[in-house]
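Enquirer: task: produce atomic coordinates for the following.
(chains A and B)
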Amino acid sequence: MSDATTLALTIVIPLIGAVLIGLTGRSPNLREGVTLGTASLLFLDVLWLFGQFQEGAEPAVVLREVMPGLALALRIEPLGMMFGLIASGLWIVNSLYSIGYMRGNREGHQTRYYMCFAIAILSAMGIAFAANMFTLFIFYEMLTVSTYPLVIHKETEEARRSGRTYLGLLLGTSIGLQMVAIIWTWIATGTLDFTKGGILAGRIDEVVVPALLGLYMFGIGKAALMPFHRWLPAAMVAPTPVSALLHAVAVVKAGVFTVMKVVVYIFGIDFLAATGASRWLVWVAAFTLLAASIIAMTKDNLKARLAYSTVSQLSYVILGAALATSLGVIGGSMQIAMHAMGKITLFFCAGAIYTATHKTEISDMDGLGRVMPFTYGAFLIGALSVIGLPPMGGSWSKWYLMLGAADAGQLVMIGVLMVSSLLNVAYLLPVVGRGFLAPAAGSPGARDPVPRAVGAAAAPGLVTGIREAPALCVVPPLITAAGCVALFFYADSLYRLLEPITRP
Amino acid sequence: MISHHLPILQVIVPLLAAPLSVFLRRAALAWYLTFLVSIATFLVSIALLERVMTGGVISYALGDWAAPYGIEYRVDAVNAFVLLIISGISTVVLPYARTSVASEIDAGSQSLFYTCYLLCLTGLLGMVVTGDAFNAFVFLEISSLSTYVLVAMGAKRDRRALTAAYSYLVMGTIGATFFVIGVGLLYMMTGTLNMADLASRIQPIESNRTVLVAFAFIVTGLGLKLALFPLHLWLPNAYAFAPSAVTVFLAATATKAAVYLLIRFLFTIFGTGYDILGLTLAYLLMPLAILAMFAASTVAIFQVDIKRMLAYSSIAQIGYMILGFSFATVTGLAASLIHLFNHALMKGALFMVLGAVALRKGTASIDSMRGLGRQMPWTMAAFVAGGLSLIGVPLTVGFVSKWYLVAASLESGMWPIAVLIVASSLLAVVYVWRVVEAAYLSDAPDGRRVEEAPPSLLVPTYLLVAANVYFGIDAGLTTRVATRAAGILMGAGE
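Expert: Here you go, the predicted model:
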């Protein structure tokens, strides 16, 4: 099998998977089997590509020339390799979790759900391996459209309203701003290929570079830069596995990944640093980073809090890109991986709590930690990683970001990053604290345990003893929590994978 | 031998078949004849395009009377492309029309329907293929008169079709009269009606006041025919009340032929060197096009009848076509021509969906769409696909159109217009999504459930949907032909 075929297979496998899921809709077990099989095959395929890539090969394939000079083409480079590995790897874990969650909550329209999921992953693969901005944009839009049915899954009035916000903001920014930016680039340079060192240097009037950058950055709505972040909290109306994989990993990471690609391969770090065109972006990112953290503190709904936390964490990546230094870019890129692993853990836990107790508000979750110790344990690890404390992977990305800020002479940003970490502590750890330490709601005190049978009958919300969600909802967060720890110790290989992108 | 006569065959075959269809009397036979004729015209136009792309301009002297005294049929990449659109759409519409017409028109007048249809096809193809200004007028009238009848045939379903046809008749006649006045004035000044000849003879006298008046009459007259905002008033009702198959055919072809004729007059006859042309494009057509994009799209959002909604959307889309060539650049003209083709595909598919809904529900109002996503899944999936194409989502033809339009505006340095283009396409998101939400997120009103549309409607619909996707993924054909055609129009020659 040639490299090109293997690369094309990253698109073809989920596509076939989606079709098969549609065909096997009548038999849920078979259908879920297809999902798991597709996910595993895809991951193996990406791993194989990773192996080839490590050996120095650069697989590339042209799928189709759409318009003269504009081709649907895939090519592997370090950033995409990392994103591809994350998205395809976590899809397997998430599929297991989906099965537990969707069955545990008796959700409807499951065939549609799994089909759209497969297409969303297909789009994420396309984004990861796109060889040019045109291809990336096409898959970017495909991701928006394919996740819309997942957001409105419940088909309630609330879901419908959130769906409008979701589609309106994502399509609005991408068609209204990003597409203009891309065509502008195309007219100025005559190419859209991702090229080391960028394609814009010397081909565009330096005065307009900040404007073009603005069109890109706000046009990539998936990166949730304020004021275009509202779609992300809106998307939380979707079932939790969707929030976990798509709105903590695939969709939002596709956004910041695109930001990185644009900064590194379209503008070029050196060009940005030389023109100072990204200086304003540093401040916008810093603002988003802090503002979203503060909003997160005010949210009692667990998923809403996590959503705002995501908005904040995404801006770390944008900040890293905007610093326009090698270390900043590395820190930002690492953040893509680290935050993915941490945040998916947190969402998995939120979903497990919901499946076991049907609770969504943090204030109702007092004492739950003692009932669901595994879930809460995983949550703690995920939270620590998101905050950036060792020995969790998240600490490395913060480390490199601070180095990058120092390198760029932006000392204020070091302060911003520190304040933000404190804010993270302030909104994430209380969830765990209340879970383990606060007395359970309805009981006079934790020292006064109510006999189990009586308690369950007397106060429905009150449970004691270990009563976890179904295994398929609990094991996945444990796996990803372990991943958070592993990323701390294996950050070196990630660094070595990413390091070439900063070399011109 | 026969290949030499292709240009005239394009017109003469449907023209002769039309009276034949009257004699057949029986609807089924008339349909077969029409369908065969349509296939024949499609094959002819493919052959013509093929020859034009490889061999250059084809000039055909009607009855061997040499131009400029006789009538010349002149085919280059520009009109070969438009011929392909018209005959191709007609060939896809006919299988659809059979079921749709049977349910909407009395059995007794169905053969007459096909007669009018053939005449309409003749007229549209004729006004595109001809290289003679007066001959273009004749065909314009043939297509218009038959269209009035076709629209009026919707009266069985809704009597308002009669007033719609009548107001179309009045407006259309004014348009055609203006056009012929303009052509007459040009003839007075130059003594010729041949387009190529006109082009060379106008140049020395281009600032002559009579020529200016002729120019104004022609632009206004054609503006009426192509529903240039604000001369569009006839269109919404005509589309809404005509029989479903007629709406599909008209929406995909009729205004396109008129747009072609306008482009031909502006760029080939008056020419890019003509001062007043630049002024008209920049200060008249471009603002009107942008107004159309916004005003018509906004009106579309508030329509209850989805047929009317799409009709207003068509007016907005015509705005895109006008906007493209108003840049007066090769990319801009190419954008216009590409959108001509692409819009035929997307509106054809969307109106076909509405015809299927009308067949099952009796109407195509927003309320009748509620809950249809579950009852007619294939039909509504086609609507979603067509709607995404209308919005301009990648991998559909709409995206290619939008790409070229935005590229044309940025290339001309008019970035505010690029912003307006994308902003107006967001209005399309709003009106398309109203329908999608009604179909998928609302419960069906109480009452009878309806079945999925029959395959005879679904297959043609999906042919167009597939074309929407195919030409969105591989736009090589359209962009190549359109760019070449644009080059010819801008005077780059072959």
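
Enquirer: what mean pLDDT does the helix or strand residue A:232 falls within have?
Expert: Per DSSP states H and E, residue A:232 falls inside helix A:231-234. In this model, helix A:231-234 has an average pLDDT of 87.

Enquirer: roughly how far does residue B:196 sit from chain A?
Expert: Residue B:196 sits 29 Å away from chain A, going by Cβ to the nearest Cβ, to the nearest Å. C-beta here means a position set from N, CA and C on the backbone, and glycine is covered the same way.

Enquirer: returning to what we had before: quick one: the helix holding residue A:232 near chain B?
Expert: No. Using Cβ under 8 Å from any Cβ of the partner chain, helix A:231-234 never reaches chain B; the gap is at least 13.7 Å.

Enquirer: report all helices and strands that the helix or strand following that helix contacts.
Expert: Following helix A:231-234 in sequence order, the next helix or strand is helix A:240-245 (DSSP H and E). If contacts are counted by 3 or more Cβ pairs under 8 Å, 6 or more residues apart in numbering or on different chains; DSSP states H and E, helix A:240-245 sits against helix A:78-104, helix A:133-151, helix A:302-323, helix A:326-357.

Enquirer: what angle separates whatever helix or strand comes next after helix A:240-245 from helix A:302-323?
Expert: Using DSSP H and E, the helix or strand that follows helix A:240-245 in sequence is helix A:251-261. Helix A:251-261 and helix A:302-323 are oriented at 0 degrees to each other (axes from the mean of the first three to the mean of the last three Cα atoms, to 10 degrees).

Enquirer: is chain B within reach of helix A:251-261?
Expert: No. Contact of helix A:251-261 with chain B (Cβ under 8 Å from any Cβ) is absent, the minimum separation being 14.2 Å.

Enquirer: any idea how far that helix is from the chain center?
Expert: Its chain's C-alpha centre lies 9 Å from the corresponding centre of helix A:251-261 when counted by Cα atoms, centre = their mean, to the nearest Å.

Enquirer: can you tell me what sits against it?
Expert: A:79-80, A:83, A:86-87, A:120, A:123-124, A:127-128, A:130, A:133, A:136, A:140, A:143, A:147, A:194, A:216-217, A:220-224, A:232, A:235, A:310, A:314, A:317-318, A:321, A:329, A:332-333, A:335-336, A:339-340 (Cβ atoms under 8 Å, 6 or more residues apart in numbering or on different chains).

Enquirer: average model confidence for the very next helix or strand once past it?
Expert: With elements assigned by DSSP H and E, the helix or strand that comes after helix A:251-261 is helix A:269-275. Helix A:269-275 shows a mean pLDDT of 87 in the predicted model.

Enquirer: next one: phi and psi at whichever residue of the stretch 251-400 of chain B sits closest to chain A?
Expert: Per Cβ to the nearest Cβ, residue B:394 is where the stretch 251-400 of chain B lies closest to chain A, at 3.9 Å. The phi/psi pair for residue B:394 (degrees, to the nearest 10) reads phi -50, psi 160.

Enquirer: name the nearest residue to it, ignoring sequence neighbours.
Expert: Distance criterion Cβ to Cβ, 6 or more residues apart in numbering or on different chains; nearest residue to residue B:394, sequence neighbours excluded, is residue A:138 at 3.9 Å.

Enquirer: just checking, the one you found touches residue B:395?
Expert: Yes. Using Cβ atoms under 8 Å, residue A:138 makes contact with residue B:395 at a distance of 6.1 Å.

Enquirer: which ones are touching residue B:20?
Expert: residue B:33.

Enquirer: in what helix or strand does it lie?
Expert: Using DSSP H and E, residue B:20 falls in helix B:6-24.

Enquirer: can you point out the buried residues in that helix?
Expert: The neighbour-count check on helix B:6-24 (16 or more other Cβ atoms under 10 Å in any protein chain shown) flags B:6-11, B:13-15, B:17-18, B:20-21, B:24 as buried.

Enquirer: run a quick neighbour tally on residue A:156.
Expert: 12 (other Cβ atoms under 10 Å in any protein chain shown).

Enquirer: sorry, wrong one. I was asking about residue B:208.
Expert: Per other Cβ under 10 Å, the neighbour tally for residue B:208 reads 13.

Enquirer: cool, residue A:475 as well?
Expert: 18.

Enquirer: before we move on, what about residue B:106?
Expert: 12.

Enquirer: who touches it in this structure?
Expert: residue B:156.

Enquirer: contact residues of chain B facing chain A?
Expert: Residues of chain B lying near chain A (Cβ under 8 Å from any Cβ): B:388, B:391-395, B:400, B:402-403, B:406-407, B:410-411, B:415, B:418-419, B:422-423, B:425-426, B:429, B:433, B:437, B:440-441, B:472-476, B:479-480, B:483.

Enquirer: so which of the residues you listed belong to helices?
Expert: Judged by DSSP state H, helices contain the following of these: B:388, B:391, B:400, B:402-403, B:406-407, B:410-411, B:415, B:418-419, B:422-423, B:425-426, B:429, B:433, B:437, B:440-441, B:472-473, B:476, B:479-480, B:483.

Enquirer: separate out the buried members of the residues you listed.
Expert: With neighbours counted by 16+ other Cβ under 10 Å, those contain buried members at B:388, B:391, B:400, B:402-403, B:406-407, B:410-411, B:415, B:418-419, B:422, B:425-426, B:429, B:433, B:437, B:440-441, B:472-473, B:479, B:483.

Enquirer: could you export the helices and strands packed on helix A:240-245 as JSON lines, including mean neighbour count and mean pLDDT?
Expert: Below are the helices and strands packed on helix A:240-245 laid out as JSON lines (neighbours: other Cβ atoms under 10 Å in any protein chain shown; pLDDT from 0 to 100):
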{"stretch": "helix A:78-104", "mean neighbour count": "24", "mean pLDDT": "86"}
{"stretch": "helix A:133-151", "mean neighbour count": "25", "mean pLDDT": "91"}
{"stretch": "helix A:302-323", "mean neighbour count": "28", "mean pLDDT": "89"}
{"stretch": "helix A:326-357", "mean neighbour count": "28", "mean pLDDT": "88"}
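
Enquirer: the ones you listed: which one's closest to residue B:156?
Expert: helix A:133-151 (39.1 Å; Cβ to Cβ).

Enquirer: now residue B:60: phi and psi?
Expert: phi -130, psi 120.

Enquirer: that one and residue B:422: what is the separation?
Expert: Using Cβ to Cβ, to the nearest Å, residue B:60 is found at 43 Å from residue B:422.

Enquirer: which stretches in chain B count as strands?
Expert: If DSSP state E is used as the criterion, the strands of chain B fall at B:58-61, B:72-75.

Enquirer: who wins for proximity to residue B:191 among the ones you listed?
Expert: Per Cβ to Cβ, nearest to residue B:191 of the strands of chain B: strand B:72-75, 15.7 Å.

Enquirer: which strands and helices sit next to that closest one?
Expert: helix B:6-24, strand B:58-61, helix B:195-202.
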